[in-house]
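Enquirer: Provided below are the primary sequence and the corresponding predicted coordinates.
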Protein chains: 2
Amino acid sequence: MKIALAQINYHIGNFKQNEDKILKSISSAKSQGADIVIFAEMATSGYPPRDFLEFRDFIHQCDESISDIAKACKGIAAVVGSPSINPEEQGKDLHNSAFFLTDGKVQEVRHKTLLPNYDIFDEYRYFEPNKTFKVVEYKGKRIALTICEDLWNIGNDPMYTINPMDELMKQDPDFIINIAASPFHYKQVKRRKDILLQNVERYKIPLFYMNHVGAQTELLFDGGSMVINSGGIVIDELNYFEEDLRVYDLSQIDDPAFYSRLAPKPNKGKIELIHDALVMGIRNYFHKLGFNKAILGLSGGIDSAVTLALAARALGEQNVLAVMLPSEFSSDHSVADAQKLAENLDCPYELISIEEAYKSFESSLNAVFKDQPFDITEENIQARIRGLILMALSNKFGYILLNTSNKSEAAVGYGTLYGDMNGGLSVLGDVYKTEVYELARFINKNVEIIPENSILKPPSAELRPGQKDSDSLPEYDILDKILYQYIEMRKGPKELVGMGFDEAMVRRILKLVNTNEYKRYQTAPTLRISPKAFGMGRRMPIVARYLS
Amino acid sequence: MKIALAQINYHIGNFKQNEDKILKSISSAKSQGADIVIFAEMATSGYPPRDFLEFRDFIHQCDESISDIAKACKGIAAVVGSPSINPEEQGKDLHNSAFFLTDGKVQEVRHKTLLPNYDIFDEYRYFEPNKTFKVVEYKGKRIALTICEDLWNIGNDPMYTINPMDELMKQDPDFIINIAASPFHYKQVKRRKDILLQNVERYKIPLFYMNHVGAQTELLFDGGSMVINSGGIVIDELNYFEEDLRVYDLSQIDDPAFYSRLAPKPNKGKIELIHDALVMGIRNYFHKLGFNKAILGLSGGIDSAVTLALAARALGEQNVLAVMLPSEFSSDHSVADAQKLAENLDCPYELISIEEAYKSFESSLNAVFKDQPFDITEENIQARIRGLILMALSNKFGYILLNTSNKSEAAVGYGTLYGDMNGGLSVLGDVYKTEVYELARFINKNVEIIPENSILKPPSAELRPGQKDSDSLPEYDILDKILYQYIEMRKGPKELVGMGFDEAMVRRILKLVNTNEYKRYQTAPTLRISPKAFGMGRRMPIVARYLS
């Protein structure tokens, strides 16, 4: 039996395009002699469709896609993820289902048992969990057909009270198919493989694992679909961050003579994974929205430099406009460093001074401000003038503005709402400042693209004379460690102090994080590369008094 | 047996204040001879604490509150909602629990069975559902102790496969206690009462129902806790939108001589409910954040007029600064109408022209814009200058900026991101334009507060000469009907056309709603008064191609 894995970059709600890609893959798999071709979870609709699932019209379009795809399954079977209507009167209206299509029709449907409802997942919002278990029989083989999370209740601290594979094993399946939509973060690539290997180790049958690839706004799917043989060897992985289609002969996958010929993917390091994920995230965000061109404010600092380099790789250097927006507080090297970077990358750039606009606001506000001293208000006015000019260029010429804030700043609220926090997409909002430096070094690994001076100089917002980030924030290497423990690891103040961090600093930082929730609420969607990103996966009250 | 209902305005994570309020109510109930005093769901922490529930430190503080409150329960019992740790190895780490406290300690704990996970609710994210059922025995009475949603799986289209009261009835309880956190929308007051009545009708025992009151950012809790006797009569309701404490004698509640003396609450109409909810929402948002003063841009139009009137009622007229920001496109009546309103309300106001700032941007952008014609860019620049000036005043003097956009505009993206969409709180973002007019009429019901001219003139953004909303949008009475069917009722295009709406208009409006998701993503939290508000209860992908 030959089994094809078709790893596709779906587009949420773009039924026509998703169906076309699926049909093309069926045709290609068939021409390579495949008996079954496997597509991902929720392939018809893209994942996650979120509240579109509450529209009967949307579900109807998913059904129509399934029906069209089934018609193409002649001489081949396909496994396709799609929502299905729960026929029972009680419970949620939908299931998250895997359709087994062959002979031109829907042969079998299986539903997801374990519905993730944590971090970025909301599956209990829409779906009723499966409660009955039956293998799919096809051409003399018994297939344990499961969906994503169904394989994840393994190991310590089980989140669910049931394990679908334990049930399916009672029916003696020959192999497992798992169709998934497993979003990337830098620890997930290894963790996912470990979980899949634990399954094969426990059940001792091969596993065909099919993941999404491509970005859906903030969620990045890295692909890396794989085949694990019954001996627990990952015999092959599909491309990471790219579409792919490969066909395997079930009778060969346990044969070392066969699988030793397949080149295993070299393991990429954390920073390279983040780099590749962000480039894909930017590219898919623009292209799926029908845009080609980005704009950003280039300050000469490290964050906008890294953002520009990533955007140039994602969209092509000629499609990214860098704008330098100096004020009276900008240092000479800022514009020089920015210009050097734009030239190194061969990106177009503009220079627009904000001094005249700043003076006009001073004058307009003079009658109300009277003798009030210069304070954060004036700093914010500068940031907001920059934001306004960038948005004006964006509106006039059809750019999308990229936000350049990093995760450390976003965490402690070191940024101006409606100013430098503007943008359609936050590229680095899940990347701590210390990791931004690592990204810069990675980008420069062969040749100096980002000027060394942007990397070496002390970080500054340059909104008042001689300002440095360290005037009002702890050093980033300490700050980032505390933020990681609080945000990613959910450690409270006592636990943090127990880890050796200074209590006053811990209290101050946690208070900053919590009281700046209101700013993050209005931030652009953030490309998610960590296990706990700001946005849909971290849901906090704004009005609250905990650690604040 | 005497039973007290203590309806409290909790503050999320403000353990000290919540505990103090609970202890004071226990003391007051005891002095009135109560045997039991009932508090709401998640009373220790406030509701919804959202991802704070993932912090062990937060749960520990809830436990400490329960322990403190238990100590005060001598000669009286208290029912207090709080999270509790799931002792089982499998499943989610927490339960959503009701603690029965007496004799200075925790006597019994019951867990919530039905976990809402739709609209604004995320309870499967945190909690393991209860699966065993046992009444609480106290002073010879058997109590069916349930939590909020546990009573809601009644009627057609059941969302859950189990009904907790059916199980508890097997143990022959004397009455039901239901502790809740049931957020307001204008249909919910009646719906909630209907659901509770259906329970009493089915189980034929009295019900003591305890709800939250007060606002938690966007969620508004209207209170209205109530007692329903075994005959299915609502014998009393606690205050709406205010704290309250009342004591009832169980032996009296079926006695008409007793309950006919209780004044039933007059049913408020939809617009009055919305009015009262918004006033409470503004007031609690500010005071729980430690702020007193609001600022807003007053255009002379209806939206900012209604927002100002509501804010003046919520915070006191002297605490709301209205700022008129005319441009060359502002009509004469705009400033006059705005000024008249501020004077009618006795609010302070300022007038700051944006013409100078606008000219400075024209000049700064001239070299890049060259001969490009006036378009939406220049309209947005005006809105963003206004936003910048309002934020500058907010920063300098410690105001929170109120956003004045209505739901119709928010739906179709008729507003400028980082301009008139600025603000810490959206007051009218869940109120359709046609409802804003009704609110204005309600505010003016005794005396003309909002100038008649602001109500009568055709809506206009005044961002180009002679502009009217109807130049680019359908008339609001049609637009709002289509929006309601799409947003609140989740009707798709075919269903809408089937209802008699013009197909081209339907397609155009649905596309506007979907393609403007990116703007709403960056909008302020919106006070929720409808069954489907923008924000946490409506979760949509930004990058998608459905109906767009």
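Expert: The structure has been received and is ready for your questions. Since the model is a prediction, treat every value here as computed from it, not as a measurement. Numbers count the residues shown, from 1 in each chain, chains lettered A, B, ... in the order given.

Enquirer: B:Met159 is in contact with A:Gly91, correct?
Expert: Yes: between A:Gly91 and B:Met159 a contact is recorded at 7.0 Å, counting by CB atoms under 8 Å. For every residue, glycine as well, the C-beta is placed using N, CA and C.

Enquirer: which SS class is A:Thr416?
Expert: The local conformation at A:Thr416, judged by DSSP: H, G, I helix; E, B strand; the rest coil, is coil.

Enquirer: Which pLDDT does the model give it?
Expert: Note for A:Thr416: predicted pLDDT of 98.

Enquirer: how far away is it from A:Arg386?
Expert: Per CB to CB, to the nearest Å, A:Thr416 is found 9 Å from A:Arg386.

Enquirer: lowest average confidence, helix or strand, in chain A?
Expert: Least confident helix or strand, chain A: helix A:469-472 with a mean of 87, by mean pLDDT, DSSP states H and E.

Enquirer: Can you name the residues in contact with that helix?
Expert: Contacts to helix A:469-472, defined as CB atoms under 8 Å, 6 or more residues apart in numbering or on different chains, come from residues A:Tyr414, A:Pro458, A:Pro459, A:Ser460, A:Ala461, A:Tyr476.

Enquirer: Tell me how many other residues surround A:Asn523.
Expert: For the record, residue A:523 is Thr, not Asn. 21 (other CB atoms under 10 Å in any protein chain shown).

Enquirer: Surely it touches B:Gln522?
Expert: Yes: counting by CB under 8 Å, A:Thr523 does reach B:Gln522; the two are 6.9 Å apart.

Enquirer: Going by residue numbers, what spans are strands in the stretch 351-500 of chain A?
Expert: Counting by DSSP state E, counting those that start in this stretch, one finds strands in the stretch 351-500 of chain A at the ranges A:400-403, A:425-426.

Enquirer: swap in the stretch 201-350 of chain A?
Expert: So, for the stretch 201-350 of chain A - with DSSP E, counting those that start in this stretch - the strands run A:207-210, A:213-216, A:219-222, A:226-228, A:234-237, A:244-249, A:294-297, A:320-324, A:349-351.

Enquirer: Now tabulate these in JSON lines and tack on distance to chain B, mean pLDDT and mean neighbour count.
Expert: Compiled in JSON lines, these are given as follows (distance: least, CB to the nearest CB, whole Å; pLDDT from 0 to 100; neighbours: other CB atoms under 10 Å in any protein chain shown):
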{"stretch": "strand A:207-210", "distance to chain B": "21", "mean pLDDT": "98", "mean neighbour count": "26"}
{"stretch": "strand A:213-216", "distance to chain B": "6", "mean pLDDT": "98", "mean neighbour count": "26"}
{"stretch": "strand A:219-222", "distance to chain B": "9", "mean pLDDT": "98", "mean neighbour count": "26"}
{"stretch": "strand A:226-228", "distance to chain B": "26", "mean pLDDT": "97", "mean neighbour count": "23"}
{"stretch": "strand A:234-237", "distance to chain B": "26", "mean pLDDT": "96", "mean neighbour count": "21"}
{"stretch": "strand A:244-249", "distance to chain B": "22", "mean pLDDT": "98", "mean neighbour count": "18"}
{"stretch": "strand A:294-297", "distance to chain B": "11", "mean pLDDT": "98", "mean neighbour count": "26"}
{"stretch": "strand A:320-324", "distance to chain B": "9", "mean pLDDT": "98", "mean neighbour count": "25"}
{"stretch": "strand A:349-351", "distance to chain B": "6", "mean pLDDT": "98", "mean neighbour count": "16"}
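
Enquirer: With distance to B:Arg283 added, can I get those strands in a markdown table?
Expert: Formatted as a markdown table, these follow (distance: least, CB to CB, whole Å):
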| stretch | distance to B:Arg283 |
| --- | --- |
| strand A:207-210 | 53 |
| strand A:213-216 | 39 |
| strand A:219-222 | 38 |
| strand A:226-228 | 56 |
| strand A:234-237 | 57 |
| strand A:244-249 | 57 |
| strand A:294-297 | 38 |
| strand A:320-324 | 42 |
| strand A:349-351 | 46 |
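
Enquirer: how close does A:Gln188 get to A:Arg464?
Expert: To A:Arg464, A:Gln188 is 41 Å away according to CB to CB.

Enquirer: okay, these two: which has more neighbours?
Expert: Per other CB under 10 Å, whichever of A:Gln188 and A:Arg464 has more neighbours is A:Gln188, with 19 against 15.

Enquirer: Show the contacting residues for the closest residue in space to the more buried one that isn't next to it in sequence.
Expert: Nearest residue to A:Gln188 in three dimensions, chain neighbours excluded: A:Ser182, at 7.0 Å (CB to CB, 6 or more residues apart in numbering or on different chains). With contact taken as CB under 8 Å, 6+ apart, A:Ser182 is in contact with A:Cys148, A:Gln188, A:Arg192, A:Asn211, A:His212, A:Phe221.
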